[in-house]
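A.B. asks: predicted model and sequence below, questions to follow.
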Amino acid sequence: MFEYRQEKMEQMLKDNAEFRRIYNRHQELEKRVTAAETGTAPMEDLALNQLKKEKLWAKDKLARIMDSERVS
């Protein structure tokens with residue numbers, strides 16, 4: 001995630017508690033989605049879609065935080 005902005009992301013993880021919290025939530029969701037898709041932790045399609053939506057929300061929020069830091 002954000003490979004092209006890796007250095008900025010690492011700095012944000014150190015300096016911004018909200019960014020770190022959302023990033024950790026995104027990572028947790030990523031693991032759960034992957035487990036469901038590979039069959040190691042099966043779940044209903046509706047639940048999987050909800051996890052994917054939450055994961056996307058988290059990624060969008062992280063991008064907005066990074067963009068706002070660049071403007072500030």
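C.D. replies: Good, I have the coordinates. Not measured: the values here are computed from a predicted model.
A.B. asks: which regions of this protein sit below the pLDDT cut-off?
C.D. replies: Within the chain, the stretches with pLDDT under 70 are 70-72.
A.B. asks: and the helices in it?
C.D. replies: Taking DSSP state H to define them, one finds helices in the chain at 6-15, 17-38, 45-71.
A.B. asks: flag every buried residue along the longest one.
C.D. replies: Neighbour-count burial for helix 45-71, with 16 or more other C-beta atoms under 10 Å as criterion, is recorded at 51, 54-55, 58-59, 61-62, 65-66. All C-beta atoms are positioned from the backbone trio N, CA, C, and that covers glycine.
A.B. asks: report the central residue of the chain.
C.D. replies: His26 (2.8 Å; C-alpha atoms, centre = their mean).
A.B. asks: chain neighbours aside, what residue packs nearest to that residue?
C.D. replies: The shortest distance from His26 to any non-neighbouring residue, by C-beta to C-beta, 6 or more residues apart in numbering, is to Ala58 (4.0 Å).
A.B. asks: list the contacts for that neighbour?
C.D. replies: 22-23, 25-26, 29 (C-beta atoms under 8 Å, 6 or more residues apart in numbering).
A.B. asks: closest one to Gln6 out of the residues you listed, please.
C.D. replies: Relative to Gln6, the closest of the contacts of Ala58 is Tyr23; by C-beta to C-beta it sits at 12.7 Å.
A.B. asks: so that closest one touches Leu62, yeah?
C.D. replies: Yes: the pair Tyr23 and Leu62 qualifies as a contact (C-beta atoms under 8 Å) at a distance of 6.1 Å.
A.B. asks: wouldn't the residue nearest to the centre of the chain be in contact with Phe2 here?
C.D. replies: No: shown here, His26 and Phe2 do not form a contact pair, counting by C-beta under 8 Å, at 10.6 Å.
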